[in-house]
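Participant: sequence and computational prediction follow.
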Amino acid sequence: MVPPEEGGRMTGSWLRNALHKATRPKASVIGVLKQHLGGQTPGRSMKILHASDITRIDFCPRRWALFDMLEKDPPMDSLSTALDVTFRMGKATEQLLVEEWAGDAIVGNWRCRHCGEQRTMVPHPDGYCVVPIGKRKHWWQYRQLVVSAPEYGVEGGIDALFNIGAPQLMITEIKTINPAEFETMLVPQPEHRLRTNLYMKIIAESHHPFREKINTSEARVLYISRGYGKLNAEWNEILPFREFAVTRNDADLAEFLKRAAALKAFRTIGLLPQGICTTALDKYAKACSVGQPCFSGTYPAGHSVTL
């Protein structure tokens, strides 16, 4: 027989263990974060052709046409936790730069997150919301200026329009970049150079009401390091920014606009476009989700289809 005092100790020990198991955390902080980050997300709709689509080296009008014809959904995006965090931090950093760090140097469209009031093509506004009692300061959200080229069926949103002390506003593409690339880059990445070129061309050839306020001969690409930065010779201090001037060159856009026009012709009159791959063994064809029907012979380039 167990003595009463021993039984009490055993019962107390059992209760402590049970209480510990019942109250200890069921997950880690990282485990909770991972539940809300990464994974499979729907790909961006292919109904609208964006400037960021056609300035990719692998932009293929035939791929887009086949997605339309076969009524396929865009491929799912698979993001690791690290990549998802990288994307979100990049967007948050770009938002901070435009809405806070640049002061009133950014000109554009703004909407108050609190009351919905809007301002058009002005520097960062100030002021207060109209509320029944007291006052609440506006919390302005920058709304990108969207430009379009109907003849190519393409549109895009400009990251920022900077007032840098010139008669016209400077189109600026803003990108975050990993420290290793930031350290060694000598020129802007081709995709970003092409995109700023495209924006300049679209605005210059448009009837946009603010066309005359925007520089369509020169633009900028601004990179923000995800690290501490690098010694900037011009400013003689370590900075997390690198700025590149881009001079407009329509010739650089010719091939990409030709592809965009081919997709536009398909969506308008049903003319199947040529693809960018020569054979099904090309690297882009191997990774293409419509590679099999593309090279099946069922959909010859130049053939007209009923939409």
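Facilitator: Arrived safely.

Participant: spatially nearest residue to C115 (excluding sequence neighbours)?
Facilitator: What sits nearest to C115 in space, not counting adjacent residues and going by CB to CB, 6 or more residues apart in numbering, is C129, at 3.9 Å. C-beta: built from backbone N, CA, C; applies to glycine.

Participant: list the residues that contact the one you found.
Facilitator: C129 makes contact with C112, H114, C115, E117, K135, R136, K137, H138, according to CB atoms under 8 Å, 6 or more residues apart in numbering.

Participant: Y299 too?
Facilitator: By CB under 8 Å, 6+ apart, the contact set of Y299 is L66, M69, L272, P293, V305.

Participant: please redo it, this time with the cut-off set to 10 Å
Facilitator: Applying CB atoms under 10 Å, 6 or more residues apart in numbering to Y299 gives the contacts R62, A65, L66, M69, L70, L272, G275, V290, P293, V305.

Participant: returning to what we had before: among the contacts of C129, show me the least confident.
Facilitator: Among the contacts of C129, K135 has the lowest pLDDT, at 85.

Participant: just checking, that residue touches C115?
Facilitator: No: using CB atoms under 10 Å, K135 is not in contact with C115, being 11.2 Å away.

Participant: need the residues touching each of those two.
Facilitator: Shared contacts of K135 and C115, defined by CB under 10 Å, 6+ apart, are found at Y128, C129.

Participant: what is the burial count for V107?
Facilitator: Residues within reach of V107, counting by other CB atoms under 10 Å, total 21.

Participant: name the SS class of the closest residue to it other than its chain neighbours, please.
Facilitator: Using CB to CB, 6+ apart and skipping the chain neighbours, the partner closest in space to V107 is L161 (4.9 Å). Taken by DSSP: H, G, I helix; E, B strand; the rest coil, the conformation at L161 corresponds to strand.

Participant: ok so, going back, more neighbours: K135 and C115, which one.
Facilitator: Higher neighbour count among K135 and C115: C115, with 14 against 9, using other CB under 10 Å.

Participant: that one: what's it in contact with?
Facilitator: Each residue near C115 by CB under 10 Å, 6+ apart is listed here: Y128, C129, V130, V131, R136, H138, W139.

Participant: one step back: neighbours of the residue nearest to V107, how many?
Facilitator: Around L161 there are 25 other residues, counting by other CB under 10 Å.

Participant: same check, this time on I164
Facilitator: Using other CB under 10 Å, I164 is surrounded by 12 other residues.

Participant: wasn't it part of a strand?
Facilitator: No: checked against three-state DSSP, I164 lies outside a strand; its state is coil.

Participant: distance of it from V131?
Facilitator: If you measure I164 against V131 using CB to CB, to the nearest Å, the figure is 36 Å.

Participant: ditto for K258
Facilitator: For K258, the distance to V131 - CB to CB - is 54 Å.

Participant: higher neighbour count, those two?
Facilitator: Comparing K258 with V131 by other CB under 10 Å, the one with more neighbours is K258, at 13 against 10.

Participant: now the more buried one: how far from A251?
Facilitator: 12 Å.

Participant: and K21, by the same measure?
Facilitator: For K21, the distance to A251 (CB to CB) stands at 71 Å.

Participant: could you list the low-pLDDT ranges of the stretch 201-307 of the chain?
Facilitator: Judged against pLDDT under 70, the stretch 201-307 of the chain has no low-scoring part.

Participant: that one: helices as residue ranges?
Facilitator: 254-269, 283-287, 291-294 (DSSP state H, counting those that start in this stretch).

Participant: any chance of JSON lines for these, columns distance to P74?
Facilitator: Converted to JSON lines, the helices of the stretch 201-307 of the chain look like this (distance: least, CB to CB, whole Å):
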{"stretch": "helix 254-269", "distance to P74": "15"}
{"stretch": "helix 283-287", "distance to P74": "15"}
{"stretch": "helix 291-294", "distance to P74": "16"}
